[in-house]
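# Return atomic coordinates for the entry below.
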Amino acid sequence: MMAAKSTSIMPVVSKLFCSASEVILAVRNRPHVVSGGGFVVTSFINQKLVFEVDGCGVLGKKEELILKDADGNALLLIRRKGGMVEALSISRRWNGYKYNFDGSPELVFCLRDPNFSCLKNSTIKISLQSKQCTSYKEFVIMGYFPDRDCSIVEQSSGIVVAQVGIGKELKHVTKSRDLYHVVIKPGIDQAFVFGVIAILDYIYDGSTRC
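All right, here's what the predicted structure looks like:
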């Protein structure tokens with residue numbers, strides 16, 4: 001009898017956020033008028049809070065976001081890297097930092113979006129900087145986030161690690177794009193996925209943006 005193949009985990013923020021099975025989470029955007037925006041992430045099954053993202057209205061800083069766990073602990077600090085070098089570049093760079101035990105930030109991923117990212121055919125790329133992750137390193141966004149129809153895809157293999165959508169379960173509840181779901185494959189760091197989604201939300205003038 002063959003032994004079951006173990007799930008390969010991809011810890012970016014922490015292995016605590018890597019599930020051995022597929023996970024479906026629901027996202028609900030906060031209105032802009034409530035604390036300046038952001039969104040909450042809950043379990044699709046029991047609506048239990050999993051993550052929340054504070055937008056720039058909460059933090060008082062543009063192009064800065066914070067991902068927190070259900071207890072309100074900061075997991076990821078997300079900032080857009082500016083300066084003259086970026087102004088001359090064909091892409092914008094966002095950095096995601098996790099907090100170490102001593103409270104100091106450590107760079108764990110970078111996202112580059114083209115200056116023409118308002119176009120559907122632009123390619124958004126993510127590269128992992130986390131020393132914990134030895135499996136995947138480069139990702140691209142396939143699809144169009146404002147339509148709530150896109151995926152995070154490992155670039156070399158074409159494997160979809162997370163998918164954003166509005167399934168049949170939600171379509172009968174609302175037609176708004178303020179409520180959608182994210183399917184995350186086994187072993188993938190859920191905190192990393194929602195760090196990426198937070199940036200996509202900001203890029204496309206979503207609830208995280210002032």
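# Show me what whatever helix or strand V27 lives in packs onto, helices and strands only.
Here V27, judged by DSSP states H and E, is contained in strand 23-29. Helices and strands touching strand 23-29, by 3 or more CB pairs under 8 Å, 6 or more residues apart in numbering; DSSP states H and E, are strand 38-43, strand 179-184, helix 190-203. Every residue, glycine included, has its C-beta placed from N, CA and C.
# Partner strands of it and their direction?
Using DSSP bridges, strand 23-29 pairs in its sheet with strand 38-43 (antiparallel), strand 179-184 (antiparallel).
# so I126 bridges to which residues?
Using DSSP bridges, the bridge partners assigned to I126 are L111, F139.
# so who does it touch?
The contact partners of I126, by CB atoms under 8 Å, 6 or more residues apart in numbering, come to 109-112, 138-141, 152, 196.
# Please apply the same query to F194.
For F194, the contact set (CB under 8 Å, 6+ apart) comprises 41, 51, 53, 67, 182.
# Nearest residue to L200 in space, please, no chain neighbours.
F145 (4.4 Å; CB to CB, 6 or more residues apart in numbering).
# quick one: pLDDT of the one you found?
On pLDDT, F145 comes in at 94.
# That one contacts D205, doesn't it?
No. Counting by CB atoms under 8 Å, F145 stays clear of D205, with 10.9 Å between them.
# And the two? Which one has more around it.
Neighbour comparison, F145 and D205: the larger count goes to F145, with 21 against 10 (by other CB atoms under 10 Å).
# gap between that one and V12?
20 Å (CB to CB, to the nearest Å).
# any idea how far Q155 is from S130?
Taking CB to CB, one finds S130 at 16 Å from Q155.
# and what of G103?
33 Å.
# and what of V27?
V27 is 24 Å from Q155, where distance means CB to CB.
# More neighbours: these two, which one.
The residue with more neighbours, out of V27 and Q155, is V27; 24 against 15, by other CB under 10 Å.
# Who wins on neighbours among the contacts of F194?
Neighbour counts for the contacts of F194, by other CB under 10 Å, peak at V53, which reaches 28 neighbours.
# Tell me which other helices or strands the helix or strand containing that residue touches.
Secondary structure from DSSP H and E places V53 in strand 49-54. Applying 3+ CB pairs under 8 Å, 6+ apart, we find strand 49-54 packed against strand 38-43, strand 64-69, helix 190-203.
# so can I have CSV of the strands paired with strand 23-29 showing mean pLDDT and distance to N95?
Shown next, in CSV, are the strands paired with strand 23-29 (pLDDT from 0 to 100; distance: least, CB to CB, whole Å):
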stretch, mean pLDDT, distance to N95
strand 38-43, 95, 19
strand 179-184, 95, 22
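# Give the bridge partners for L67, please.
As assigned using DSSP bridges, the partners bridged with L67 are V53, L76.
# Just to check, V108 is in contact with Y99?
No. Taking contacts as CB under 8 Å, V108 lies outside contact range of Y99: 10.2 Å.
# neighbour count winner among those two?
V108 (24 against 15).
# Contact partners for the closest residue to that one other than its chain neighbours?
Computed as CB to CB, 6+ apart, the closest residue to V108 that is not its neighbour in sequence is S130, at 4.3 Å. Residues in contact with S130 (CB under 8 Å, 6+ apart) are 11-13, 98, 108-109.
# Kind regards, and thank you for your time.
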